[in-house]
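1. with the sequence up front, the predicted model follows.
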Amino acid sequence: MKRFNSAMGAIMNGADLKADGMVCLDAQGNIAMPFNTKGMYRGYIKSDEKPITMIYKNK
């Protein structure tokens with residue numbers, strides 16, 4: 001998970017992208033959805049959990 005977070009941070013902080021956020025999924029099923037705006041519509045569902053939807057960072 002540490003390498004996953006490190007790679008995600010490097011992309012969001014160092015890449016010359018015209019995007020405001022991204023959705024990341026690794027081989028173990030870890031999910032990350034970083035963004036650098038006030039909000040980003042995002043969501044996921046895992047087989048053993050109820051659906052999760054979010055817009056702002058505090059959720």
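-> That came through, no problem. Remember, predicted model here, so these are calculated numbers, not experimental data.
2. and the helices in the protein, which stretches?
-> Assigned by DSSP state H, the helices in the chain fall at 2-14.
3. didn't residue 25 look like it was pressed against residue 33?
-> No. The pair residue 25 / residue 33 is not scored as a contact, 9.5 Å apart, by CB atoms under 8 Å. The C-beta positions use only the backbone N, C-alpha and C, and glycine is treated the same way.
4. okay, how far is it across stretch 44-57, tip to tip?
-> 15 Å (CA to CA, to the nearest Å).
5. could you check how far that stretch is from the centre of its chain?
-> On the basis of CA atoms, centre = their mean, to the nearest Å, stretch 44-57 is displaced by 12 Å from the centre of the chain it belongs to.
6. report the buried residues of that stretch.
-> Within stretch 44-57, no residue is scored as buried using 16 or more other CB atoms under 10 Å.
7. what sits up against it?
-> 29, 31, 33, 35, 38-43 (CB atoms under 8 Å, 6 or more residues apart in numbering).
8. how about 7 Å then?
-> Identification of contacts with stretch 44-57 by CB atoms under 7 Å, 6 or more residues apart in numbering yields 31, 39, 41-43.
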